[in-house]
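J.: no sequence on this one, just coordinates:
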């Protein structure tokens, strides 16, 4: 049934463009490393990444009070892969065994575990309140997690393709 008048044609055109607009703002774009508040799922921060992108989480270990650096990459299936671990002291809270294919070396006074390839859909952590001083280094930028959320906050770090709506709204729709 064809529209009878100009008003009906304009309404149909408006509905078409409105539907197109909704599709565009809801369509997932490129991948982003997303830091979410673990309780509310509100997006605290996000950073552009691509498959193979590398980022680092650094903190001070609460027991032996020495720095620990975890090196991650983004996998093709949008998971987070722990590739290397650097630390100064081999003690409580550090890996005690190597998985198949992993290698350990001592370099410049640091213990380095390489070829880890441990896959995670996300990383949950509680931002250190006293000692840890967690930081994230990504795209040559270092961000102290306590600068984006109060110490003690549970955060979830994951890789998501965000739509324009999610980027501006600050929440994941999924």
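T.: Everything's here; your move. Computed from a predicted model, the values in this text were never measured in an experiment.

J.: Could you pull out the helices in the chain for me?
T.: 6-26, 164-169 (DSSP state H).

J.: between those helices, which has the poorest average model confidence?
T.: Of all the helices of the chain, the minimum mean pLDDT falls on helix 164-169 (a mean of 69).

J.: Identify each buried residue in stretch 67-84, please.
T.: Buried residues in stretch 67-84, counted by 16 or more other C-beta atoms under 10 Å: 68, 69, 70, 71, 72, 73, 74, 80, 81, 82, 84. (Glycine included, C-beta is placed from N, CA and C.)

J.: Farthest-apart pair in the residues you listed, please.
T.: Across the buried residues of stretch 67-84, the longest distance by C-beta to C-beta is 20.8 Å; it joins 68 and 74.

J.: pLDDT score for residue 161?
T.: At residue 161, the pLDDT recorded in the model is 87.

J.: That one against residue 33, yeah?
T.: No. Contact between residue 161 and residue 33 fails when scored by C-beta atoms under 8 Å: they sit 11.5 Å apart.

J.: okay, these two: which has more neighbours?
T.: Higher neighbour count among residue 161 and residue 33: residue 33, with 21 against 14, using other C-beta atoms under 10 Å.

J.: what's the spacing between that one and residue 126?
T.: Taking C-beta to C-beta, to the nearest Å as the measure, residue 33 falls 18 Å from residue 126.

J.: do the same with residue 19
T.: In this view, residue 19 and residue 126 are 43 Å apart by C-beta to C-beta.

J.: Those two: which is more packed in?
T.: The neighbour comparison of residue 19 against residue 126 (other C-beta under 10 Å) goes to residue 126, with 14 against 10.

J.: what's that one in contact with, if anything?
T.: Under the criterion of C-beta atoms under 8 Å, 6 or more residues apart in numbering, the neighbours of residue 126 are 152, 153, 154, 155.
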